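# Compute the structure for the input listed below.
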Amino acid sequence: QVQLVELGGGLVQAGSSLRLSCATSLRNFDSHAMGWFRQAPGKEREFVAAISRSGGSTVYADSAKGRFTASRDNARNTVFLQMYSLKPEDTATYYCAATLIGTEIVPRRSDEYDYWGPGTQVTVPS
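Here you go, the predicted model:
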């Protein structure tokens, strides 16, 4: 059974930074593109960032560009989301997701991902 577990959420002041991590049990982790999504109360889940299976390509939502950085450590089966300059509108539950893929394409749609973690809460009070 594949498991993804997000860590690193918390309550932080606006302008602060957080680093989320997502550890996986995927045996062929380096064959999976990894994505980060978030869902705020009363809103739909939205794409945040994604990284190709090698880590060579990343894509970001406009809201994340310049503030968030996705990275991965294929030796540790772990993906990261470094978040800087957090804003109250970043408050959400953050999810990591994985999809088996044969190329360096980086999917942005949630329905392109097969495995999901339970999420970690990030709260930035206004």
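
# Any stretches of the chain with poor pLDDT?
Under the criterion of pLDDT under 70, none of the chain is flagged as low confidence.

# Other residues contacting stretch 61-78?
Applying Cβ atoms under 8 Å, 6 or more residues apart in numbering, the external contacts of stretch 61-78 come out as 21-26, 29-30, 34, 36, 46-51, 54-55, 58, 60, 79-86, 89-90. Every residue, glycine included, has its C-beta placed from N, CA and C.

# Which of these are buried? Put it as a ChimeraX command.
Listed next is the ChimeraX selection for buried residues among these, using 16 or more other Cβ atoms under 10 Å:
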select :21,22,23,24,26,29,34,36,47,48,49,50,51,55,58,60,79,80,81,82,83,86,90
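
# ranges for the strands of this structure?
Using DSSP state E, the strands of the chain run over residues 4-7, 10-11, 18-24, 32-39, 46-51, 58-60, 68-73, 78-83, 92-100, 115-116, 120-123.

# partners of the last one in the sheet?
Yep, that's strand 120-123 we're talking about. strand 10-11 (parallel), strand 92-100 (antiparallel) (DSSP bridges).

# and of the strands of the chain, who's closest to Arg108?
Checking the strands of the chain against Arg108 by Cβ to Cβ gives strand 46-51 as the closest, at 5.0 Å.

# Can you pull up the most central residue in the protein?
With distances taken as Cα atoms, centre = their mean, Trp36 lies nearest the centre of the chain, 2.3 Å away.

# From what I see, it and Glu46 are in contact.
No - contact between Trp36 and Glu46 fails when scored by Cβ atoms under 8 Å: they sit 10.2 Å apart.
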